[in-house]
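Participant: Predicted model and sequence below, questions to follow.
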Amino acid sequence: MDESRRQAQKGRGAISNTTSRYEREVRVLGDDGWGDNEILGEAARTLLFDDSARTVISRNRSPDIVFEQSVNPYRGCEHACVYCFARPTHAYLGLSPGLDFETRIFRKARAAELLATELRAKSYVCKPLALGANTDPYQPVEREQRITRAILEVCRDFNQPVMVITKSALVLRDLDILAPMAERRLVNVALSLTTLDRDLARRLEPRASAPSRRLAAMRELTAAGIPVAVLASPMIPGLNDHELEAILAAAAAAGAVQANTILLRLPLEIKDLFEEWLREHAPNRADRVLSLIRQCREGELYRPQFGSRMKGTGPVAELLAQRFRMACRRLGLNGRDAGLNCADFRPPPAPGDQLTLL
């Protein structure tokens, strides 16, 4: 690999812009000495595009995931988390899972309108809806786009239960919607907390909220009566796994009542992107981290089998899982029912609907 690719940019997670796996031609980056290469210079600015999706509810049958349906307001994510399992989806757009994923963002401007249409369908069966299962619904562009807020307004009006998944304190902007929904058991919020180390977080998740801000958000959400979960994820053996108990303890002190953890996943292009990141940001630990990951993945960097892809196998993974269970028991996490209310789902009258007598 050309060494000129291995230069981290401030505010960006991926170091290179590796060619999509679907492309016939492979881009090779080289420095011509003129200093105008965007990868070697100042971080590429974020560009926003319109997504032409005609539906917004995605469904899955994975036994590893607690929800069956989700909505993602954006494709790509400016938070730039180098480990993001959604990166390979940018290849479907003919773009790189590397820097393109965090600089070429696609917005679903009509998401709220499309969601309302799908919720009104006679065939729709109400089940909890995950908001942000693939990319973060509160990434920086949401401040101006407000697509996530519009989706929440639809969920509120339909009494549609929703699980918000984010690592951004921007979620507090929508307390005026979330708090009344929580009173009817229609919402909970899961905040991802990968590390308490601000410096490591800045390199792993360059544009996400700092760990201290996420903990502060947990406290404010809890004070507003909104159930909070902490996602101590991903756990990266040899890099942040030693923080597991401290992360859970800090979240519990901030009001979290539920917790989950996922072992680092490195499907498709992420394997090379993550190793590239390790060699740049933690060169003295890179070989050990990769070795520990392989010990959790039957000698490989990733295995996608249902049942083990989220937690791994072997002694290292089993010890991590045992530590998580013991810490949750000690801290009182996962001790109460966090189920959401689907019984009150009801589409509001649409313009032009005939009035009923009841």
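Facilitator: Sure thing, it's come through.
Participant: which one is residue 153 nearest to, not counting chain neighbours?
Facilitator: Spatial nearest neighbour of residue 153, excluding adjacent residues (Cβ to Cβ, 6 or more residues apart in numbering): residue 177 at 6.4 Å. C-betas here are computed from N, CA, C, even on glycine.
Participant: Alpha carbons of the helix or strand where the one you found lies, in PDB - could you do that?
Facilitator: Using DSSP states H and E, the secondary-structure element containing residue 177 is helix 175-183. In PDB, the C-alpha atoms belonging to helix 175-183 read as follows (Å, rounded to 0.1, in the frame of the first residue of the first chain):
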ATOM      1  CA  LEU A 175     -36.800  16.800  24.500                       C
ATOM      2  CA  ASP A 176     -40.100  18.600  23.800                       C
ATOM      3  CA  ILE A 177     -41.100  15.600  21.700                       C
ATOM      4  CA  LEU A 178     -39.400  12.800  23.500                       C
ATOM      5  CA  ALA A 179     -40.600  13.600  27.000                       C
ATOM      6  CA  PRO A 180     -44.300  13.500  26.300                       C
ATOM      7  CA  MET A 181     -43.800  10.300  24.300                       C
ATOM      8  CA  ALA A 182     -41.900   8.700  27.200                       C
ATOM      9  CA  GLU A 183     -44.900   9.400  29.500                       C
END
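Participant: for that helix, packing partners?
Facilitator: helix 147-158, strand 187-192, helix 211-223 (3 or more Cβ pairs under 8 Å, 6 or more residues apart in numbering; DSSP states H and E).
Participant: of these, which approaches residue 97 most closely?
Facilitator: strand 187-192 (19.5 Å; Cβ to Cβ).
Participant: What are the contacting residues of the closest one?
Facilitator: 155, 161-167, 171, 178, 181-182, 214, 217-218, 221, 226-231, 233, 251, 256, 258, 260, 338, 340 (Cβ atoms under 8 Å, 6 or more residues apart in numbering).
Participant: can you give me the strands for the chain?
Facilitator: Assigned strands in the chain, in chain order: 47-50, 57-59, 69-71, 74-75, 104-107, 129-131, 162-166, 187-192, 228-235, 258-263 (criterion: DSSP state E).
Participant: per-residue confidence at the residue lying closest to residue 141 once chain neighbours are set aside?
Facilitator: Nearest residue to residue 141 in three dimensions, chain neighbours excluded: residue 105, at 5.8 Å (Cβ to Cβ, 6+ apart). At residue 105, the pLDDT value in this model is 97.
Participant: got it, and residue 154?
Facilitator: Turning to residue 154, the model gives it a pLDDT of 98.
Participant: got it, and residue 191?
Facilitator: If you check residue 191, the pLDDT there is 98.
Participant: distance of it from residue 230?
Facilitator: To residue 230, residue 191 is 6 Å away according to Cβ to Cβ, to the nearest Å.
Participant: Over to residue 304?
Facilitator: In terms of Cβ to Cβ, residue 304 sits 26 Å off from residue 230.
Participant: what's the answer for residue 253, then?
Facilitator: Counting by Cβ to Cβ - residue 253 and residue 230 are separated by 11 Å.
Participant: Neighbour count for these two, which is higher?
Facilitator: When residue 253 and residue 230 are compared on other Cβ atoms under 10 Å, the one with more neighbours turns out to be residue 230, at 26 against 12.
Participant: mind listing what that one touches?
Facilitator: Residues near residue 230 by Cβ under 8 Å, 6+ apart: 190-193, 218, 247-248, 251-252, 256, 258-260, 333.
Participant: Would you convert those into JSON lines that also reports distance to residue 125 and neighbour count?
Facilitator: Formatted as JSON lines, the contacts of residue 230 follow (distance: Cβ to Cβ, whole Å; neighbours: other Cβ atoms under 10 Å):
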{"residue": "190", "distance to residue 125": "23", "neighbour count": "23"}
{"residue": "191", "distance to residue 125": "29", "neighbour count": "25"}
{"residue": "192", "distance to residue 125": "29", "neighbour count": "24"}
{"residue": "193", "distance to residue 125": "33", "neighbour count": "25"}
{"residue": "218", "distance to residue 125": "32", "neighbour count": "26"}
{"residue": "247", "distance to residue 125": "36", "neighbour count": "24"}
{"residue": "248", "distance to residue 125": "34", "neighbour count": "23"}
{"residue": "251", "distance to residue 125": "33", "neighbour count": "26"}
{"residue": "252", "distance to residue 125": "35", "neighbour count": "20"}
{"residue": "256", "distance to residue 125": "30", "neighbour count": "28"}
{"residue": "258", "distance to residue 125": "24", "neighbour count": "19"}
{"residue": "259", "distance to residue 125": "29", "neighbour count": "23"}
{"residue": "260", "distance to residue 125": "25", "neighbour count": "17"}
{"residue": "333", "distance to residue 125": "30", "neighbour count": "22"}
